[in-house]
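**Q** Quick one, what's the 3D model for this:
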Amino acid sequence: MADAVGIWDVRYAVQENTLRRGVIGDEDLRREIEDTGRGWVVDDQGRITAFAIGNAVSGNIWALFVHPDVQGQGHGSRLHDTMVDWLWSRGLQSLWLTTGPLTRARAFYESRGWFPIDSPDATAHGDIRLEMRRP
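**A** Next up, the predicted model:
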């Protein structure tokens, strides 16, 4: 939680899968990091430039975002792999996330073995649900 300000800076800077301020807050962030999962950040000389949060209870990829200024430098891939490896180590058999259907995020995840599934909850909000099964 010491990195919360930097995490929010990255989250609100992204240009896809945007989030309106106030929809989720510090308590939501704390719960996902401390109660149900873990979070990782990329710290570039004291500035958070990317972060990921995975929920070890539900298998949900709660967040994976890279600041637009540093996209394409491999931060997302390293965070993804670290988070997924940690979630597998918790004994989960599948992971899931939702994202916009026409986003770069979708292509990012699908290139790493995630696949879309039919989910009324996700499509009701205009998103798609992607899953990954334990290797």
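**Q** next one: phi and psi at the closest residue to Y109 other than its chain neighbours?
**A** Taking C-beta to C-beta, 6 or more residues apart in numbering, and ignoring the residues beside it in sequence, Y109 has L130 as its nearest neighbour in space, at 5.2 Å. For the C-beta atoms, the positions are set from N, CA and C on the backbone; glycine is no exception. Per-residue torsions, L130: phi -110, psi 150 (degrees, to the nearest 10).
**Q** Measure how buried L130 is and give me the count.
**A** Neighbour count of L130, defined by other C-beta atoms under 10 Å: 23.
**Q** Just the C-alpha atoms of the helix ranked longest in the chain, please, in PDB.
**A** The single longest helix within the chain, with elements called by DSSP state H, is helix 75-89. Only the C-alpha atoms of helix 75-89 are listed here, as PDB (Å, rounded to 0.1, in the frame of the first residue of the first chain):
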ATOM      1  CA  HIS A  75       7.300  -4.300 -18.100                       C
ATOM      2  CA  GLY A  76       3.900  -5.800 -18.800                       C
ATOM      3  CA  SER A  77       5.300  -9.100 -19.900                       C
ATOM      4  CA  ARG A  78       7.600  -9.400 -16.800                       C
ATOM      5  CA  LEU A  79       4.700  -8.500 -14.500                       C
ATOM      6  CA  HIS A  80       2.400 -10.900 -16.200                       C
ATOM      7  CA  ASP A  81       4.800 -13.800 -15.900                       C
ATOM      8  CA  THR A  82       5.700 -13.100 -12.300                       C
ATOM      9  CA  MET A  83       2.000 -12.800 -11.300                       C
ATOM     10  CA  VAL A  84       0.900 -15.900 -13.200                       C
ATOM     11  CA  ASP A  85       3.700 -18.000 -11.800                       C
ATOM     12  CA  TRP A  86       2.800 -16.800  -8.300                       C
ATOM     13  CA  LEU A  87      -0.900 -17.600  -8.800                       C
ATOM     14  CA  TRP A  88       0.000 -21.100 -10.100                       C
ATOM     15  CA  SER A  89       2.100 -21.600  -7.000                       C
END
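**Q** Would you check how far apart A13 and W96 are?
**A** Note on A13: its distance to W96, by C-beta to C-beta, to the nearest Å, is 25 Å.
**Q** With neighbour numbers in mind, choose between those two.
**A** Counting neighbours by other C-beta under 10 Å for A13 and for W96 shows that W96 has the greater number, 18 against 14.
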